[in-house]
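>>> what's the 3D shape of this:
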Amino acid sequence: MPKLKTHQSVAKRIKVTKKGKLIQRRGGQDHFNSHERGNTTRNKRRDMTTDKTEQANMRRGMPYASKKRS
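Numbers count the residues shown, from 1 in each chain. Below you'll find the predicted structure:
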């Protein structure tokens, strides 16, 4: 069986933790942030876990990122 290629756009956006969780950056951080409340701006600094409905697609794009499959 041939090697599988990693989807680079997924690999650059997603990080797999030691326990197998997928971590991604929050969206909407580019511009127009001065219009938002301080709470919103502070919350955007944190990374968030990927939604469970999207995790299967993300893992398919990164076949060698983690041995854990859920």
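
>>> what's across from the most centrally placed residue in the chain in the sheet?
Central residue of the chain (CA atoms, centre = their mean): Gln24, 2.8 Å from the mean position. Residues in a beta bridge with Gln24, per DSSP bridges, are Ile14, Met48.

>>> For the longest helix along the chain, output the C-alpha coordinates as CSV.
In the chain, ranked by residue count with DSSP state H as the criterion, the top helix is helix 52-61. Presented in CSV, the C-alpha positions along helix 52-61 are these (Å, rounded to 0.1, in the frame of the first residue of the first chain):
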residue,chain,number,x,y,z
LYS,A,52,-16.4,16.6,17.1
THR,A,53,-18.3,16.7,13.8
GLU,A,54,-15.2,18.0,12.0
GLN,A,55,-12.6,15.8,13.7
ALA,A,56,-13.0,12.8,11.4
ASN,A,57,-12.3,15.0,8.3
MET,A,58,-9.3,16.6,10.1
ARG,A,59,-7.8,13.3,11.0
ARG,A,60,-8.2,12.0,7.4
GLY,A,61,-6.2,15.0,6.3
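
>>> Which stretches in this structure count as helices?
Along the chain, the stretches classed as helices by DSSP H are 8-13, 38-44, 52-61.

>>> just so I know, which of those lies nearest Gly28?
Taking CB to CB as the measure, the helices of the chain were each checked against Gly28, and helix 38-44 came out nearest at 7.0 Å. (C-beta placed from N, C-alpha, C; glycine too.)

>>> May I see the buried residues of that closest one?
Taking 16 or more other CB atoms under 10 Å as the neighbour-count basis, helix 38-44 is seen to contain no buried residue.

>>> do the same with stretch 1-17
With burial defined by 16+ other CB under 10 Å, the residues of stretch 1-17 counted as buried are His7, Val10, Ile14, Val16.

>>> again, but for stretch 41-59
Here stretch 41-59 shows Thr50, Gln55, Met58, Arg59 as buried, counting by 16+ other CB under 10 Å.

>>> Low-confidence stretches in the chain?
Within the chain, the segments meeting pLDDT under 70 span 66-70.

>>> Select, out of the helices of the chain, the one closest to Pro2.
Taking CB to CB, helix 52-61 is the member of these nearest to Pro2, at 15.9 Å.
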